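A.B. asks: fold the stuff below for me.
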Amino acid sequence: MTQLGFFIDVAKCVGCKTCMIACKDKKDLPVGRNFRRVVEYAGGEWEEVDGAWAQDVYAYYVSIACNECADPACVKVCPTGAHAKRSSNGLVLIEREKCIGCRACEQACPYGAPQFDAVAKKMTKCDACVDLLAKGQQPACVAACPQRAIEFGDVVALRAKHGALAAIAPLPLPATKPSLVVNAPRTAKASGDKSGTVYR
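C.D. replies: Purely as a prediction, here's the structure:
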């Protein structure tokens, strides 16, 4: 089975949020509902050492969406089977008709991917732009990134090309086996680090 996933080059990302805006536009999402989010993780301080100032300040941006996990928490907790993992490509999708809007998936997902549609009383999330994939195109976030910091494809191929790192702070430890590859900047902190602050 092919497992599709994302590569995020955090070392290239400048935090412009073009990926987030492209996704929001493509999916016509209202204020407050975002399938892709860009957060800044920053910390460190300046201190005087022997009359000179030294610093360990760091800041970087991480683009976050559904990571099409191999062991998705959302699928495990869904009481109706609305959340399901496609056997053909590994995408985790929501069958709208089956969703009862209980929000269990929202609570279970460590990445905050499922988003509640308050009007329809249904859960929604990134679907990797399946309509574009069917036409041989890339997801909107990938196509829009001016830095080419996001790639999408077979996660095995992405790992062969970019390595196997799947988490840096503020991302959680990869307990759900995300189909994600991350290129960390030099100043990146390990997943689980609490020294920095998340800015949205």
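A.B. asks: which secondary structure elements does the helix ranked longest in the chain sit against?
C.D. replies: The longest helix of the chain (DSSP state H) is helix 18-27. Helix 18-27 sits against strand 37-43, helix 140-144, with contacts defined as 3 or more Cβ pairs under 8 Å, 6 or more residues apart in numbering; DSSP states H and E. Placement of C-beta: from N, CA and C, glycine included.
A.B. asks: among these, which is nearest C99?
C.D. replies: Among those, the nearest to C99 by Cβ to Cβ is strand 37-43 (21.4 Å).
A.B. asks: moving C-terminal of the closest one, what's the next helix or strand?
C.D. replies: Note on strand 37-43: by DSSP states H and E, the next helix or strand toward the C-terminus is strand 46-49.
A.B. asks: strands paired with that next one, and their directions?
C.D. replies: Pairing partners of strand 46-49, with direction, according to DSSP bridges: strand 52-55 (antiparallel).
A.B. asks: who's in contact with the one helix or strand in the chain whose mean pLDDT sits lowest?
C.D. replies: Taking mean pLDDT, DSSP states H and E as the measure, strand 46-49 is the helix or strand of the chain with the lowest mean score, a mean of 89. Residues outside strand 46-49 that contact it (Cβ atoms under 8 Å, 6 or more residues apart in numbering) are 53-55, 57.
A.B. asks: so which bits of it are buried?
C.D. replies: Residues of strand 46-49 classed as buried by neighbour count (16 or more other Cβ atoms under 10 Å): none.
A.B. asks: which residue ranges of the protein form helices?
C.D. replies: For the chain, the helices defined by DSSP H occupy 18-27, 73-77, 104-108, 130-134, 140-144, 155-162.
A.B. asks: buried deepest among those, which one?
C.D. replies: Most buried of those, by mean neighbour count (mean count of other Cβ atoms under 10 Å): helix 140-144, with a mean of 20.
A.B. asks: reformat the helices and strands packed on helix 18-27 as a markdown table; add mean pLDDT and distance to V92.
C.D. replies: Shown next, in a markdown table, are the helices and strands packed on helix 18-27 (pLDDT from 0 to 100; distance: least, Cβ to Cβ, whole Å):
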| stretch | mean pLDDT | distance to V92 |
| --- | --- | --- |
| strand 37-43 | 98 | 17 |
| helix 140-144 | 98 | 16 |
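A.B. asks: now the ones you listed in TSV, with distance to V119?
C.D. replies: TSV is the format used below for the helices and strands packed on helix 18-27 (distance: least, Cβ to Cβ, whole Å):
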stretch	distance to V119
strand 37-43	21
helix 140-144	22
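A.B. asks: wait, which of the ones you listed is closest to L4?
C.D. replies: Comparing these by Cβ to Cβ, helix 140-144 comes nearest, at 11.6 Å.
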